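next one to model:
(2 chains)
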Amino acid sequence: MSLLELDGVKVHFPIKKGVLVDRTVGHVYAVDGVSLKVEAGETYGLVGESGCGKTTLGRSVLRLVDITEGSVVLDGTDLAKLPGEEMRRFRRRLQMVFQDPLGSLNPRQNIESILSEGMIAHGIGKDQEERREKIKAILDKVGLPSNALARYPHEFSGGQRQRIGIARALVLEPDVIICDEPVSALDVSVQAQVINLLEELQQELGLTYLVIAHDLAVVRHISDTIGVMYLGSLVEEAPSDALYAEPKHPYTKALMSAVPVPDPEVEDKRERILLTGDLPSPANPPSGCRFHTRCPWAQAERCATERPQLRDVGGGHRVACHYAEDIASGKLSLNQGEIVSATREGVDDNPETDTPAEDTPAEDAPAKVPAQAEKPAKDAPVAEADKASDADKASEAEKPAKADKPAQAEKPADGDKASEAEKPAKAEKPAEAEKVTKADEAV
Amino acid sequence: MSLLTVDELTVTFGGRGRKESRAVDGISFEVDQGQVVGLVGESGCGKSVTSLALMGLLPSKGLTIGGRAEFDGTDLFTMSPSARRDLRGSEMAMIFQDPLSSLNPVVPIGVQVTEILERHRGMKGEAARKEAAHLLDRVGIPDPTRRLKEYPHQLSGGMRQRALIAMAVACAPRLLIADEPTTALDVTIQAQILELLKELVDQEGTALLMITHDLGVVAGLCDQVNVLYAGKVVESAGRRELFAHPTHPYAHGLLGSIPRLDAPRGEPLNPIRGSINDRIAWADGCAFAPRCDRYEMGCLTGTPQLGEPRAAGHQVRCVNPVLDDAKAEEVPA
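Model (predicted):
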């Protein structure tokens, strides 16, 4: 049995109107029927864009918001039905790390006071002396100096504050830690420190995490299982690697394709699925499949009328789409939205462009000369030479890969040449480049 | 000759008895027509202050701006305020990070867009409204005539950013400065906005100065990338060169600390230790030295200069750069 099980959890917030009497005129369907299981010692990552209900779901597990329907079972106890005082005691086993490290720490309490508050509430430790010893041990674990005890939150940097937030959760020795956007407020270099810390602590203490984040790359890095949310419900759930290898739901596909990868080599080969429009209002969600209004593969029947349920498509991969198999096999074609290349067309430093040019010097040489002359004189010749040598290295390393994709090697080259030749006539450039690309794709 | 040439730009806050704080500490770069240049760095590296200084949007008191910035041959900092106003919005325009706080909440979108057309293009009345609708349509806002009458809060985040871009491109500027244009947006919306910016650059030949903390955004968009740390450019290279051979320990560390969607799971990240607060003044040595793994005594003898360790057009400000090809085996084949 799983440590934490959510079954059909719904959280609906009433929309009220009226001056004297509050009439409920509708509901915001923040979380609308989510079922998931978190195994002990694992990390479950919940991703989705703002407004998809992921934070509300996290808070509902702790009963920080009331659950409208459904059950949250931790270790055999249904939290949704626990009376207040019992729930309060149960919270020792469920702790939360919040997004905003400064906003979630009382600026007037020192660190010792912040960290011992929870311990006092749950009766951990006989006296302050014992609690202080324990806090010191935890501070050491999260990488803070023990002289931090007497200091106040404003004296720490963002990354250190988040460590305090993690320490506050840890002192209660919880079974499950819910991390709501644990790193999104931090700078990239500090993000990595906190991510590593979370992973180390998990290995050392056998913690179970429910990580809520909008950053797919972060979630993919730390999660064993990932659930993708859209407008209050899970649209796909799979082991981390399987989800990355083959996203099956159209929304997941679009989401993954939209995340930029910090590597030009990868970006040049990637394509983005552009969705049309914005997230619909959760107060008035679309009928049928919640995603059908923006789905590039939406079909006339079923999608708008029948709400797809999560179904297993093999290997623990669950997806809520009527046509997941047809989309995967390419039977259905795009009927809205578009697929674009991840890299800008006119970007002018593609080393691959020079490789084919060297193979066929006679025809290409004249075309290249004016292009080079246009560049600032200082870096032109050397940069060219260097690019060429780089390209050589790259092509040597990639020779087997390239052999079976000759079209790809040629594509950027032709596109680039075409655009360079026509630099003065800028208006025509993109159209021309597109033509060339298309022609190559046809080949 | 470049469209925008920035030479040793410095911005110092404080003075007059207060402790001075130098946000921008000698930044030089160039932006050509039709080129996308990136300024990348973490919070506090001076990237936004650079953009505000170039646009002339910093307050006139309480700070000093040094160095030179030439736009199309004219010095921006010695220009008269009225000439600067004529330039701003028509020749060079800016897209801000937070679309909600940079739009006036009590004025309809239409009025805010036509204001620019009236000021810079002398359009009036119906003609200006038509042009405004056309602009909104061009940046992909559906039903533009209706949207013109709406207020910013009635638009979604992506739509607001589009409206802001429409205002920025209203006079077909030659230089567009985008300060974190997608940071406040969700990734699927970010993809839409980036695509729009790409179109503008490729079709109009607009020069784009892209200011961001997201190296992923840079990888697909920029021609030349400048990595900033503590107010100085520490590495400058073409995007391929930078990502293939990050040579400054900071740039190298930054790339190593980003979780990548395409990386196999379970590989630990290599974070840079400490935080931006652990730094020393550039005058005493390398500001990054306290956090650097390659720190040596030479790092503390005077300001390191931008040098060319590997290739032309690739400059690095470091006395002990990551030059060896130890990195080569890490580069995915």
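
how about the residue nearest to the spatial centre of chain A, nearest residue that isn't a chain neighbour?
Among the residues of chain A, the one closest to the centroid is residue A:216, at 1.8 Å (Cα atoms, centre = their mean). Distance criterion Cβ to Cβ, 6 or more residues apart in numbering or on different chains; nearest residue to residue A:216, sequence neighbours excluded, is residue A:259 at 5.0 Å. (C-beta placed from N, C-alpha, C; glycine too.)

now swap in residue A:236 and tell me
For residue A:236, the spatially nearest residue (Cβ to Cβ, 6+ apart) is residue A:249, at 4.1 Å.

what residues are up against the one you found?
A:228, A:235-236, A:291, A:319-321, A:324 (Cβ atoms under 8 Å, 6 or more residues apart in numbering or on different chains).

try 7 Å
A:228, A:235-236, A:319-321, A:324 (Cβ atoms under 7 Å, 6 or more residues apart in numbering or on different chains).

and the pLDDT for the nearest residue to residue A:65 once chain neighbours are set aside?
Spatial nearest neighbour of residue A:65, chain neighbours left out: residue A:59 (4.9 Å); criterion: Cβ to Cβ, 6+ apart. In this model, residue A:59 is scored at 92, pLDDT.

could you chop chain A up by domain?
A:4-16+A:26-236, A:246-341, A:351-442 (automatic domain parsing).

looking at those domains, which has the lowest confidence?
Looking at the domains of chain A, the bottom one is domain A:351-442 with a mean of 42.

ok, now how distant is the residue positioned nearest the centre of chain B from residue B:75?
For chain B, residue B:211 is the residue whose C-alpha lies nearest the centre (Cα atoms, centre = their mean; 1.7 Å). Separation of residue B:211 from residue B:75 (Cβ to Cβ, to the nearest Å): 22 Å.

now swap in residue A:315 and tell me
64 Å.

swap in residue A:4?
Using Cβ to Cβ, we find residue A:4 at a distance of 63 Å from residue B:75.

who has more neighbours out of these two?
Neighbours per residue, other Cβ atoms under 10 Å in any protein chain shown: of residue A:4 and residue B:75, the larger number sits with residue A:4, 22 against 12.

contacting residues for the nearest residue to that one once chain neighbours are set aside?
In this structure, residue A:4 finds its nearest non-sequential neighbour in residue A:38, 4.1 Å apart by Cβ to Cβ, 6+ apart. Applying Cβ under 7 Å, 6+ apart, we find residue A:38 in contact with A:2-4, A:44, A:176, A:208, A:210.

which one of the residues you listed is nearest to chain B?
residue A:44 (13.9 Å; Cβ to the nearest Cβ).

spit out the contact partners of that closest one.
A:36, A:38, A:210, A:223, A:225, A:227.

and the residue nearest to the centre of chain B, what does it touch?
B:39, B:47-48, B:51, B:178-180.

quick check, it in a helix?
No. Going by DSSP: H, G, I helix; E, B strand; the rest coil, the assignment for residue B:211 is strand, not a helix.

in stretch B:253-271, what counts as buried?
For stretch B:253-271, burial by neighbour count (16 or more other Cβ atoms under 10 Å in any protein chain shown) applies to B:253-261, B:263, B:269, B:271.

which of these fall in helices?
B:253-256 (DSSP state H).

export these as TSV, with columns for distance to residue B:282 and pLDDT.
Listed next are these as TSV, based on distance: Cβ to Cβ, whole Å; pLDDT from 0 to 100:
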residue	distance to residue B:282	pLDDT
B:253	18	91
B:254	19	90
B:255	23	90
B:256	24	88
